[in-house]
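Chemist: Fold the following, please.
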Amino acid sequence: MLYNNGVIAWQEDSSGGRLLMVIGVLLLGFVLLRLGRWYWSRRLNKWAADQGLKLIGFRGAQFYEGPSAWRRSDSQHLFRVQVEDRTGERKTAWVLFGTYWGFTWGVPITGVIWDDKLG
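Modeler: As a prediction, the model looks like this:
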């Protein structure tokens with residue numbers, strides 16, 4: 001803070017302050033990405049367990065992938081999942097959360113399309 005003719009003025013900090021801000025923003029972004037991954041992992045694991053399956057892996061679908069490619073809204077979340085049943089057989093599917101007009105809290109999963117059904 002500088003005093004110039006009785007007026008208080010803020011002097012911008014050197015590049016050290018900017019560096020701290022950039023590091024803070026990057027750290028916040030990393031934490032938010034990890035929280036998102038944890039959230040969806042938890043929801044997909046719960047879905048798999050409810051179906052008597054074990055979740056092996058998942059990834060979020062790009063806008064051009066899956067059965068609803070190019071038609072999904074921002075409130076729909078599509079995942080490519082790989083699960084294992086009780087016999088050890090692995091299957092893959094598309095799992096959709098939400099509806100076109102908004103996220104549904106009462107019905108978390110609005111669609112599951114197994115690969116053997118796509119034909």
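
Chemist: where in the chain is pLDDT low?
Modeler: Low-confidence segments of the chain, defined by pLDDT under 70: 1-14, 102-107, 117-119.

Chemist: how about the strands in it?
Modeler: Remark: strands assigned in the chain by DSSP state E are 2-4, 7-9, 54-60, 77-84, 90-97, 109-114.

Chemist: Can I get the ones you listed in CSV including distance to Ser15?
Modeler: For the C-beta atoms, the positions are set from N, CA and C on the backbone; glycine is no exception. Below are the strands of the chain laid out as CSV (distance: least, CB to CB, whole Å):
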stretch, distance to Ser15
strand 2-4, 19
strand 7-9, 20
strand 54-60, 36
strand 77-84, 39
strand 90-97, 43
strand 109-114, 49
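
Chemist: Out of those, which gets nearest to Trp70?
Modeler: Closest to Trp70 of the strands of the chain is strand 77-84 (CB to CB; 11.7 Å).

Chemist: Going by neighbour count, list what's buried in that closest one.
Modeler: Across strand 77-84, burial judged by 16 or more other CB atoms under 10 Å covers His77, Leu78, Phe79, Arg80, Val81, Gln82, Val83.

Chemist: what about stretch 78-91, how long is it end to end?
Modeler: End-to-end distance for stretch 78-91: 17 Å, by CA to CA, to the nearest Å.
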